[in-house]
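# model this:
(one chain, ligands or ions: 1)
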Amino acid sequence: MSRIESVFERLKAKGETAFIPFITVGDPNLEWTERIVSDLEKAGADIIELGIPYSDPLADGPVIQEAALRSLNQGTKITDAFELVRNLRQSGVQVPLILFTYVNPVIQWGVDNFFASAKEVGADGVIIPDLPYEESEEARLAAAKYEVDLIPLIAPTSRQRIERIAKDATGFVYCVSSLGVTGMRNQLSAELPEFVGSVRAATSLPIAVGFGVSTPEQAEQIRGFADGVIVGSAIVRRVQPLADSVAAGDQTQINQAYEDLLQFVSALKEPLRG
Ligand SMILES: O=P(O)(O)OC[C@@H](O)[C@@H](O)c1c[nH]c2ccccc12
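From the prediction side, this is the model:
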């Protein structure tokens, strides 16, 4: 059983739901990312998605696109993401870490090398949103070879392919709550429970839901039918004022922005506790 799967098992035994935040590596900068990840763990994050910034984030809405741009403007590279994970493990961060990347950087790095590096630095999983299942054999083989979970995304339009996608999956299955790109939504789709139910019928793996979750109430709603809740944009949106304050060198604003970010994260985890 992978570390990721065992986290879900432990939480289930306690009647808890996994809280899985996403942040962009290098936003506001790499030192801050190390601090944010460590504090996310302390605030109750059970698994953390680390987004490797990419110049053409086609599946992302404006909030995460801007975060990627802030990070790329800092000169963040894929090697920085690997070094960040290595540093986090050396500083004692225990929660499973998932490298979130578009397929191009993986191809440039070399698929086998990417998973070998991920394992070597201490990452537990990889998500590649623009790698269709039908083209994922090389990645699936590398993931199995290095015992890194390659976590599939299943969207409401993937219904006919749920069985095929789910049967090879390890870690958990990421159910995308609705079509379109990442970003906060006022309310979650009414079809979500039924969609997750259809995925549940196709896999014994844990299921986490993401896309658009922006309030503790929505997180609590998802708790009713999923094993984990993923939140990205709503958290990344609160990194922006921190990034602006860091750029301005305004320590008072930095403290305030960071406190707001951590309070928001704690509020999201609260309804998911046992
Ligand atoms: O930002 P949201 O709406 O909270 O959704 C999670 C999402 O950020 C994260 O899982 C993610 C970031 N970039 C992506 C691209 C595709 C799918 C998922 C993602």
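
# tell me the mean pLDDT for the longest strand along the chain?
In terms of residue count, the longest strand belonging to the chain (DSSP state E) is strand 18-24. Mean per-residue pLDDT for strand 18-24: 98.

# repeat that for stretch 4-11.
Here the average pLDDT along stretch 4-11 is 97.

# what does it contact?
1, 17-18, 46-47, 95-96, 98, 124-125, 149, 151, 170-172, 205-206, 227-228 (Cβ atoms under 8 Å, 6 or more residues apart in numbering). No exception for glycine: its C-beta is placed from N, CA and C like everyone else's.

# how far out from the middle of the chain is that stretch?
16 Å (Cα atoms, centre = their mean, to the nearest Å).

# buried residues in it?
Applying a neighbour-count criterion of 16 or more other Cβ atoms under 10 Å, one finds 4, 5, 7, 8, 11 buried in stretch 4-11.

# buried sites along the helix or strand following the longest strand of the chain?
Next helix or strand after strand 18-24 toward the C-terminus (DSSP states H and E): helix 30-43. Across helix 30-43, burial judged by 16+ other Cβ under 10 Å covers 30, 32, 33, 34, 36, 37, 38, 40, 41, 43.

# sorry, back to before: give the other helices and strands that the longest strand of the chain contacts.
Where contact means 3 or more Cβ pairs under 8 Å, 6 or more residues apart in numbering; DSSP states H and E, strand 18-24 is packed against helix 3-13, helix 30-43, strand 48-51, helix 62-73, strand 207-210, strand 228-231, helix 233-248, helix 251-269.

# just the C-alphas of that strand, formatted as PDB.
Provided in PDB are the C-alpha atoms of strand 18-24 (Å, rounded to 0.1, in the frame of the first residue of the first chain):
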ATOM      1  CA  ALA A  18      -8.500  14.100   3.600                       C
ATOM      2  CA  PHE A  19      -7.800  17.700   3.100                       C
ATOM      3  CA  ILE A  20      -5.500  18.200   0.000                       C
ATOM      4  CA  PRO A  21      -4.400  21.700  -0.700                       C
ATOM      5  CA  PHE A  22      -2.600  22.700  -4.000                       C
ATOM      6  CA  ILE A  23       0.000  25.500  -4.100                       C
ATOM      7  CA  THR A  24       2.300  26.600  -6.900                       C
END
